[in-house]
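Chemist: A structural model of the following input is requested.
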Amino acid sequence: MKTLSILIMIVFACAEGNSQTDQNQNLSRQQQAIVKIGALTAKGDLVKLKTELNQGLDAGLTVNQIKETLVHLYAYCGFPRSIRGLQTFMAVLEERKAKGITDTIGAEASPIKDERSKYDRGKAVLAELTKTSKDGPKTGYSAFAPEIDVFLKEHLFADIFERDVLTYSERELVTVSVIASIGEAEPMLQSHLNICLNVGLTPKQLQEFVEIIKTTIGAKEAFAAQKIVDQVLRQK
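Modeler: Next up, the predicted model:
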């Protein structure tokens, strides 16, 4: 019995240690690159973006992961920014190829085998991200303009979020980077910072995200983002 008690104590101690390690973990080099690429593309700073695209590849991001990042963000800052980002990335890849650098292409998106409608699939993805049920009546903008509710669930959360080239946490890093960089969208930033926590990002990593916005985009955008991060963490 005494041996069993000791074993239980060891298991709990290991679990607590792992939890503390997770909470203290920094954003990886790849995650930092995703934040910078998303932010600079949203801002339209193609000169700095070119540098960060190179650094992202050097940090271990695959070609398809960066392409997916640049495609994902169009939902938050529009096709023009997304396409200019993709064109810049094409130029970067050509320059690297000319230098004899062979970059890893990476995995393509897996086929979707779920036979539910795209609306139902998107609703399920959104419920998983937010940890809330989406079965109630429509409210707010969804009630005012039901079409956008359909577009969000069928396209953003089904067509885009279901693609497994990026993880949910990586997609959310792209999303908050874009929203923080364009500014004046605090309610959306708050919602997505909460989702960041739901999908495994830590308070420390959110603070690090703000620091990257400060050094990559500017103090004004970082200050605004910091206010929302503080608010989200207080509510937790």
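Chemist: Give me the neighbour count for residue 196.
Modeler: Using other CB atoms under 10 Å, residue 196 has 24 other residues around it. From N, CA and C alone the C-beta is placed, and that goes for glycine too.
Chemist: my read: it touches residue 174, true?
Modeler: No - taking CB atoms under 8 Å as the definition, residue 196 is not a contact partner of residue 174, at 11.0 Å.
Chemist: I'd say residue 221 and residue 180 touch.
Modeler: Yes - applying CB under 8 Å, one finds residue 221 in contact with residue 180, separated by 5.7 Å.
Chemist: Residue 148 is in contact with residue 141, correct?
Modeler: Yes - the pair residue 141 and residue 148 qualifies as a contact (CB under 8 Å) at a distance of 6.5 Å.
Chemist: related to what we said a few turns ago, now list whatever residues contact both of residue 221 and residue 180.
Modeler: Common contacts of residue 221 and residue 180 (CB atoms under 8 Å, 6 or more residues apart in numbering): residue 213.
Chemist: Please identify which of those two sits among more neighbours.
Modeler: Legend: neighbour count by other CB under 10 Å for residue 221 and residue 180, higher for residue 180 (29 against 20).
Chemist: Report the contact partners of that one.
Modeler: 39, 189, 209-210, 213, 217, 221-222, 224-225.
Chemist: Ok, residue 38 next?
Modeler: Residue 38 makes contact with 69, 73, 173-175, 177-178, 181 under the criterion CB under 8 Å, 6+ apart.
Chemist: Tell me the one among these nearest to residue 109.
Modeler: Among the contacts of residue 38, residue 69 lies closest to residue 109 (CB to CB), at 13.3 Å.
Chemist: who's in contact with that closest one?
Modeler: Taking CB under 8 Å, 6+ apart, one finds 34, 37-38, 166, 170, 174 in contact with residue 69.
Chemist: about what we covered before: buried subset of the contacts of residue 38?
Modeler: Buried members of the contacts of residue 38, scored by 16 or more other CB atoms under 10 Å, are 69, 73, 173-175, 177-178, 181.
Chemist: Pick the one among these closest to residue 152.
Modeler: residue 175 (12.8 Å).
Chemist: what pLDDT does that closest one get?
Modeler: Among the per-residue scores, residue 175 holds a pLDDT of 98.
Chemist: ok, back up a step: so can I have CSV of the buried ones among the contacts of residue 38 showing distance to residue 49?
Modeler: Below are these laid out as CSV (distance: CB to CB, whole Å):
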residue, distance to residue 49
69, 11
73, 12
173, 16
174, 14
175, 17
177, 12
178, 13
181, 12
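Chemist: quick one: what helix or strand has residue 85 in it?
Modeler: Taking DSSP states H and E as the definition, one finds residue 85 inside helix 79-98.
Chemist: cool, residue 175 as well?
Modeler: Residue 175 belongs to helix 168-182 when assigned by DSSP H and E.
Chemist: shouldn't residue 213 be in contact with residue 223?
Modeler: No - Residue 213 lies out of contact with residue 223 (CB under 8 Å); the separation is 9.5 Å.
Chemist: the more surrounded of these two?
Modeler: Higher neighbour count among residue 213 and residue 223: residue 213, with 25 against 12, using other CB under 10 Å.
Chemist: What is the three-state secondary structure of the more buried one?
Modeler: Here residue 213 is recorded as helix under DSSP: H, G, I helix; E, B strand; the rest coil.
Chemist: If I look at it, what pLDDT would I see?
Modeler: 98.
Chemist: Let me see the contact set for it.
Modeler: By CB under 8 Å, 6+ apart, the residues touching residue 213 are 35, 39, 177, 180-181, 221-222, 225.
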